[in-house]
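K.L.:
sequence plus predicted model, see below.
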Amino acid sequence: MPFTRIKAVMALTLSAAMLLSTAACGTTDDSDSGSKASGSSSIEGYDVSSVTKDESIAKLLPESVTKDGKFTVGMDLSYPPAEFLAADGKTPVGFDVDLVKAMAKEFGLTADPQNANFDSIIPSVGAKYDVGISSFTITPERLKAVDFVSIFKAGSAWVVRKGNPNKVDVSDVCGLKVTVQTATIQEEEVNKLNKQCKADGKKAIDILSNKLQTDVTTNVTTGKADVSYADSSVAGYAIAQTDGQLETLGKATGMAKEAVAIKKGDTATAQAVQKALQKLIDDGTYMKILKHWGVESGAIDKSEINPTDVTD
């Protein structure tokens, strides 16, 4: 894996994780990403200083976004490697953060990623935040609340302690303690599985829902939960960063597009974000950022507003 263990990552948000010798969570590809985070407890993002303002894209943004000179983005900074806090407990890092910084430079604005609980971001888009970027899977329900601009793709993966000591069989998780992050597509899927368990007369799933993805990983590592269910790009990183204490069961399923959340009907901001992302894709900056974090398998080749083909 391209990353060394992160010591004391999320120091301000992890409490149970203090039981671990190292603490972090998420996923990477198996390929070498060329990360700068070698031999250090700190993580550095990709250098986007070469990205310059694109006047044609910047002028698309409405005054509501540009008036304060900031590109304010709501993010749940507990979701490595997409968006999380560095070892200092205050610096946002991750591939989504790097993409935010690159887009901000295209807009001629200052990137302002702000930490928030995952389930509070979408309701605050267009008011507290210009956009929301926090590994949002595009779903029909969310499309009723916001518009989306595709940015990445990921599946879902089950994670257990190394060796699967509780003999978890993901084809039947009835009666097990399953941990997920609140308001994620994975929580929704586990709730559906739980209804089926009850309908079949089996034991209910004990669902441990957490505001922070880092707590989801900690629940499995410490044995509080039998298994976790999370984005594939988060699960693999968690395995890499917990020094072999965890492993996935089976292959990632349900590859789906993730997207930037934008206020419903704000076509100007949606067009600016789409064009900014597409330019980063076309000039290679997008792939360089993903490779830096080892998640290039989640790359898309076309950014779209409210895409209809949301699954692969």
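P.N.:
Structure's in. What do you need? Numbering: from 1, shown residues only.

K.L.:
neighbours of residue 50, how many?
P.N.:
Per other C-beta atoms under 10 Å, the neighbour tally for residue 50 reads 10. Using the backbone N, CA and C atoms, a C-beta is placed for each residue, glycine as well.

K.L.:
next up, the contacts around it.
P.N.:
Neighbouring residues of residue 50 by C-beta atoms under 8 Å, 6 or more residues apart in numbering: residue 285.

K.L.:
so which strand or helix has it?
P.N.:
Counting by DSSP states H and E, no helix or strand carries residue 50.

K.L.:
for it, grab phi and psi.
P.N.:
Backbone torsions for residue 50, taken as degrees, to the nearest 10, come to phi -80, psi -10.

K.L.:
and the pLDDT for it?
P.N.:
Per-residue pLDDT puts residue 50 at 97.

K.L.:
what of the one 5 residues further on?
P.N.:
According to the per-residue confidence, residue 55 scores 98 in pLDDT.

K.L.:
neighbours of it, how many?
P.N.:
The burial count for residue 55: 9, using other C-beta under 10 Å.

K.L.:
relative to residue 272, how far out is it?
P.N.:
12 Å (C-beta to C-beta, to the nearest Å).

K.L.:
secondary structure class for the most centrally placed residue in the chain?
P.N.:
What sits nearest the mean C-alpha location of the chain, by C-alpha atoms, centre = their mean, is residue 135, with 3.7 Å. The three-state assignment at residue 135 reads strand, by DSSP: H, G, I helix; E, B strand; the rest coil.

K.L.:
surely it touches residue 95?
P.N.:
No - in this structure, residue 135 is not within contact of residue 95 by C-beta atoms under 8 Å, at 10.0 Å.

K.L.:
shared neighbours, these two?
P.N.:
If you check residue 135 and residue 95 against C-beta under 8 Å, 6+ apart, the residues they both contact are 82, 152.

K.L.:
averaged pLDDT, stretch 252-267. What do you get?
P.N.:
95.

K.L.:
now that stretch: buried residues?
P.N.:
252, 256-263, 266 (16 or more other C-beta atoms under 10 Å).

K.L.:
what do you get for stretch 148-164?
P.N.:
Those would be 148-161, for stretch 148-164 by 16+ other C-beta under 10 Å.

K.L.:
can you lay out those as JSON lines showing secondary structure, distance to residue 103 and pLDDT?
P.N.:
Putting the buried residues of stretch 148-164 into JSON lines (DSSP: H, G, I helix; E, B strand; the rest coil; distance: C-beta to C-beta, whole Å; pLDDT from 0 to 100) gives the following:
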{"residue": "148", "secondary structure": "strand", "distance to residue 103": "15", "pLDDT": "98"}
{"residue": "149", "secondary structure": "strand", "distance to residue 103": "10", "pLDDT": "98"}
{"residue": "150", "secondary structure": "strand", "distance to residue 103": "14", "pLDDT": "98"}
{"residue": "151", "secondary structure": "strand", "distance to residue 103": "10", "pLDDT": "98"}
{"residue": "152", "secondary structure": "strand", "distance to residue 103": "14", "pLDDT": "97"}
{"residue": "153", "secondary structure": "strand", "distance to residue 103": "18", "pLDDT": "95"}
{"residue": "154", "secondary structure": "strand", "distance to residue 103": "20", "pLDDT": "93"}
{"residue": "155", "secondary structure": "strand", "distance to residue 103": "25", "pLDDT": "92"}
{"residue": "156", "secondary structure": "strand", "distance to residue 103": "27", "pLDDT": "94"}
{"residue": "157", "secondary structure": "strand", "distance to residue 103": "28", "pLDDT": "94"}
{"residue": "158", "secondary structure": "strand", "distance to residue 103": "33", "pLDDT": "97"}
{"residue": "159", "secondary structure": "strand", "distance to residue 103": "31", "pLDDT": "96"}
{"residue": "160", "secondary structure": "strand", "distance to residue 103": "37", "pLDDT": "97"}
{"residue": "161", "secondary structure": "strand", "distance to residue 103": "38", "pLDDT": "97"}
